[in-house]
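Participant: after the sequence you'll find the predicted model.
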Amino acid sequence: MTTFEEQTEHVVNALYYDLLHGDEIDNRCLQTDSGGPVPFAGELPSDFDPVIIASRLRQIGDQCNMDFERVSSQALAEVLTGKMEFGAAVDSLSRSWSDQNPEMVYERAFLSVSVKLMMHILKKVPSMFHPSQLITVINGNAQVKNYIEAHGGWENLDD
C-alpha cells in the first residue's frame, strides 16, 4: 500500500505531464527524463487512478477565478522572477482568496490556487516549474493533508 505522500507524487506527476503534453503521451505512464514512458512504480490501490485524480485536481484548479494575467500580485511577480518560493506564494494567495470567498474552506482554496498557479507558471515559463514543488507544498501542509484524508483520500476527493 502506498502512503499519502507517494500518492500525491503520482497525482501531481500525472497532472504535470497532462498539462505539458496533453494527449501526446499515454496518460497511464510518466515520462522519464529521457522522454520514454515508464509505468507508475509501486503498488497502487485498485481504486487509485492518478490520471483520474489529476483530472479532478485540474478541475479544482479551474475553480480558482484568480486571473493571474490581470491581478497585480506581488507574490506572483516574485515567483516568476525567482524571488519567492512556490509554496510561499501558494500560501499567501490561497489565504487571500479564501478570505475573499468565505464559502470556500482554506484547504480547498489551497488546492485550487496551487494548481492554478502551477498552470500559470507552466504557461508563462515552463522551465521554472518542477512537479516536486507542488508535491512538496501539498505534502508539507498538514491541514491540507488532513482535509484530503478526512474525505477518504485522493481517490475520494470530489466524490
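Facilitator: It's in.
Participant: the most centrally placed residue in the chain - nearest residue in space that isn't next to it in sequence?
Facilitator: In the chain, the residue lying closest to the centroid (CA atoms, centre = their mean) is Val115, at 4.2 Å. Spatial nearest neighbour of Val115, excluding adjacent residues (CB to CB, 6 or more residues apart in numbering): Gly61 at 2.8 Å. No exception for glycine: its C-beta is placed from N, CA and C like everyone else's.
Participant: can you give the distance of the helix or strand that contains that neighbour from its chain's centre?
Facilitator: Assigned by DSSP states H and E, Gly61 belongs to helix 50-62. The chain centroid and the centroid of helix 50-62 are separated by 8 Å, computed with CA atoms, centre = their mean, to the nearest Å.
Participant: in that helix, what counts as buried?
Facilitator: Residues of helix 50-62 classed as buried under the neighbour-count rule (16 or more other CB atoms under 10 Å) are Pro50, Val51, Ile53, Ala54, Ser55, Arg56, Leu57, Arg58, Ile60, Gly61.
Participant: pLDDT value on the second one, please?
Facilitator: Val51 is assigned a predicted lDDT (pLDDT) of 93.
Participant: what do you get for the fourth one?
Facilitator: In the prediction, the pLDDT value recorded for Ala54 is 95.
Participant: can you pull the contacts of Glu9?
Facilitator: Glu9 makes contact with Pro131, Ile135 under the criterion CB atoms under 8 Å, 6 or more residues apart in numbering.
Participant: and for Glu107?
Facilitator: Glu107 sits in contact with Gln143, Val144, Tyr147, Ile148, where contact means CB under 8 Å, 6+ apart.
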